[in-house]
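1. Sequence plus predicted model, see below.
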There are 2 protein chains.
Amino acid sequence: MDFNEKNATEAVLNSFAGIKDNRLKEIMSSIITHLHEVVKEVEPTEEEWMKAIMFLTKTGYMSDDRRQEFILLSDVLGVSMLLDSINNRKSKNETETTVLGPFHTPSSKMNNGDNIANNVEGENCIVKGKIVDVNNNVISGASIEVWQSGPDGLYDVQKEGNLVDLRGTFMSQHDGSYLFRTVKPQYYPIPVDGPVGDLLNSLDRHPFRPAHVHFMVKANGYKDLVTHAFIDGDKYLESDTVFAVKKSLIRKLEEGFDEENNSKCFFLNFDIVMESIKKGA
Amino acid sequence: MDFNEKNATEAVLNSFAGIKDNRLKEIMSSIITHLHEVVKEVEPTEEEWMKAIMFLTKTGYMSDDRRQEFILLSDVLGVSMLLDSINNRKSKNETETTVLGPFHTPSSKMNNGDNIANNVEGENCIVKGKIVDVNNNVISGASIEVWQSGPDGLYDVQKEGNLVDLRGTFMSQHDGSYLFRTVKPQYYPIPVDGPVGDLLNSLDRHPFRPAHVHFMVKANGYKDLVTHAFIDGDKYLESDTVFAVKKSLIRKLEEGFDEENNSKCFFLNFDIVMESIKKGA
């Protein structure tokens, strides 16, 4: 009956005998087995265990409607990207996925061509592309949510006040195209004023992410797509602190001219290939 | 460069290359390896992952100065007891250890014989014993912290107000003995109004712990001892929800008479054998 090092894991697994939900039983059994393995491998002292307890507690405390520190933790430990890989195995030429990140919030519908950067100064940038299927058929009426940080490296939700900026929801046109105006994205640090920042510091890791624009694209009959467009040449492309860069998502910024606004601007071309929900389509 | 299912764990482990603290590196490497293994084994959906994120967030939120929900989680998953076993390997006849639990707080010094149960009604009980070393030499001047729940199954810190009750710090006498008055302990449920309660419910596990009195004993030259005295016959001895029962810690309650208070009372005899810090002593 005594619980000891040898029978500990078995004792806890036995306590799951009554679980009616088989999927929950599978998940909990895996968690317990590996969690106990960690404890057996590293043999934490009581002090180390208490440090872990306090770290997790602070991570919960730091989270609210505008910030999710546990998602950030999952991101910097490569868990989010691993999950993303597992849930988005590609067989064809579909656009690759990457992490959602902790800063997604719903945004207003905007018109094709609108500017999402209304409260920041930066270099003008036009982001445009086409939504297509794997056979290059255009997809019109797709919902395209975009969000990004400003030139100061901050998302709107990281600032005081409740001003929505640098995010919007567009719709692909009859020819599958979309276009919106914004400012050139810049690399930036993830928030380091919480426990995840302290952890990165202890791990001697920098907190930077290479410049990118987030995309969440939804269209009837297609799998929701969560991804980023990255900017070629960024110095953090090789060491993104959340491991989210994929070569296929990097684009060169091209210099050009915005006729409508009579101003110089960059162009970021980002076509998106959606995956059909129908098997084999 | 692309992060994928195959290289995910390696990529994160490589990001630890700069860690100066070898112990931290060892701990984090073990955590990452097993955390990724869990994700690969169970292949969580995004919804399942978000459920886990929200569970951890709520567990952090639920914790404060008077309640530590992450310790409770560690307890019900057998992690606390596993850690306890690893950190308290016994070679001789030392008293076995068990979990600290989430309800320990510092308590006032009391005099031998004092009553720690001042604000609850219950059956009188005298707890007494002797503090000795492995060779049965008495240890005087040991600090003996005790705490327990009341007959309603609640610890003082679980109640409104800041009334300290059912806890105290005693000192072993010249002959190594100690004695204090209290009420008979009763089995009780761990707090189920938080995420850990929800988890136990999902796992079809009951939340009960068999009746016990907590002890934390400290003496110069001896290893701090954290343990419980359990009551024989309790219906939850075989299924303690935090896996903390050890046969050697179970005692029969004996019926008797408290001469000093001229009342019937139970006696709980609990001798404690301390482990010397000196090797081989």
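-> Okay, I see it.

2. how about A:Tyr236, what does it touch?
-> A:187, A:206, A:208-210 (Cβ atoms under 8 Å, 6 or more residues apart in numbering or on different chains). Where C-beta positions appear, they are placed from N, C-alpha and C, glycine not excepted.

3. okay, now the residue in chain A that chain B sits nearest to: neighbour count?
-> Going by Cβ to the nearest Cβ, chain B is nearest to A:Gly60 of chain A, at 1.2 Å. The local packing of A:Gly60 (other Cβ atoms under 10 Å in any protein chain shown) involves 22 other residues.

4. Quick check: it touching B:Ile53?
-> No. Here A:Gly60 does not reach B:Ile53: they are 10.1 Å apart, not a contact under Cβ atoms under 8 Å.

5. for stretch A:125-141, how far is the first residue from the last?
-> The first and last residues of stretch A:125-141 sit 23 Å apart, counting by Cα to Cα, to the nearest Å.

6. Could you check it and say which residues are buried?
-> A:125-134, A:139 (16 or more other Cβ atoms under 10 Å in any protein chain shown).

7. Max pairwise distance over those residues: which two?
-> A:Cys125 and A:Val134 (28.2 Å; Cβ to Cβ).

8. about what we covered before: with the buried residues of stretch A:125-141 in mind, which one is nearest to A:Phe16?
-> Closest to A:Phe16, out of all of these and judged by Cβ to Cβ, is A:Val134, at 42.1 Å.

9. Pick out whichever of the contacts of A:Tyr236 sits closest to B:Trp49.
-> Proximity of these to B:Trp49 (Cβ to Cβ) peaks at A:Arg209, which lies at 20.0 Å.

10. which ones are touching that closest one?
-> A:187-190, A:236, A:240-242, A:244.

11. Which residue, neighbours along the chain excluded, lies closest to A:Thr37?
-> For residue A:37 the amino acid is Glu, not Thr. Leaving aside its sequence neighbours, A:Glu37 sits nearest to B:His34 (Cβ to Cβ, 6 or more residues apart in numbering or on different chains; 5.5 Å).

12. Please tell me I have it right and that neighbour contacts A:Val38.
-> Yes. With contact defined as Cβ under 8 Å, B:His34 reaches A:Val38; the gap is 5.0 Å.

13. Kindly list the longest strand within chain A.
-> Identified as the longest strand of chain A according to DSSP state E is strand A:124-133.

14. State the mean pLDDT of that one.
-> Averaged across strand A:124-133, pLDDT comes to 98.

15. Tell me the secondary structure at A:Phe180.
-> strand (DSSP: H, G, I helix; E, B strand; the rest coil).

16. ok, it - how many residues close by?
-> There are 21 residues near A:Phe180, going by other Cβ under 10 Å.

17. One more: A:Val157?
-> Neighbours of A:Val157 (other Cβ under 10 Å): 19.

18. and if you look at the one 3 residues further on?
-> For A:Glu160, the tally of surrounding residues (other Cβ under 10 Å) stands at 5.

19. Contact partners for it?
-> Counting by Cβ under 8 Å, 6+ apart, A:Glu160 has no contacts.

20. my hunch is that it is in a strand, does that hold up?
-> No. Using three-state DSSP, the secondary structure at A:Glu160 is coil, not a strand.

21. in chain A, which spans are helices?
-> Assigned by DSSP state H, the helices in chain A fall at A:8-14, A:22-42, A:46-61, A:69-76, A:79-87, A:195-202.

22. Out of those helices, which gets nearest to B:Met110?
-> helix A:46-61 (25.7 Å).

23. Which pLDDT value goes with A:Ala281?
-> 45.

24. A:Phe3 now?
-> 87.

25. thought it was touching B:Leu83?
-> No. Contact status for A:Phe3 versus B:Leu83: not in contact, 11.5 Å apart, counting by Cβ under 8 Å.

26. burial of A:Val196, as a residue count?
-> A:Val196 has 27 nearby residues by other Cβ under 10 Å.

27. quick one: contacts for it?
-> Applying Cβ under 8 Å, 6+ apart, the residues near A:Val196 are A:59, A:69, A:72-73, A:76, A:190.

28. switch to 10 Å and redo it
-> A:55, A:58-59, A:62, A:69-77, A:102, A:190, A:207, A:241 (Cβ atoms under 10 Å, 6 or more residues apart in numbering or on different chains).

29. Repeat that for A:Ser263.
-> A:123-124, A:257.

30. Give me the distance between it and A:Lys128.
-> A:Ser263 sits 16 Å away from A:Lys128, going by Cβ to Cβ, to the nearest Å.

31. Give me the distance between the closest residue to A:Lys90 other than its chain neighbours and B:Glu41.
-> Spatial nearest neighbour of A:Lys90, excluding adjacent residues (Cβ to Cβ, 6+ apart): A:Glu96 at 6.5 Å. When distance is defined by Cβ to Cβ, A:Glu96 is 24 Å away from B:Glu41.

32. More neighbours: which of those two?
-> A:Glu96 (19 against 15).

33. what's that one in contact with, if anything?
-> Residues near A:Glu96 by Cβ under 10 Å, 6+ apart: A:84-85, A:88, A:90, A:225, A:227-228, A:246-249, A:273, B:2, B:4.

34. Give me the distance between it and A:Leu225.
-> 9 Å.
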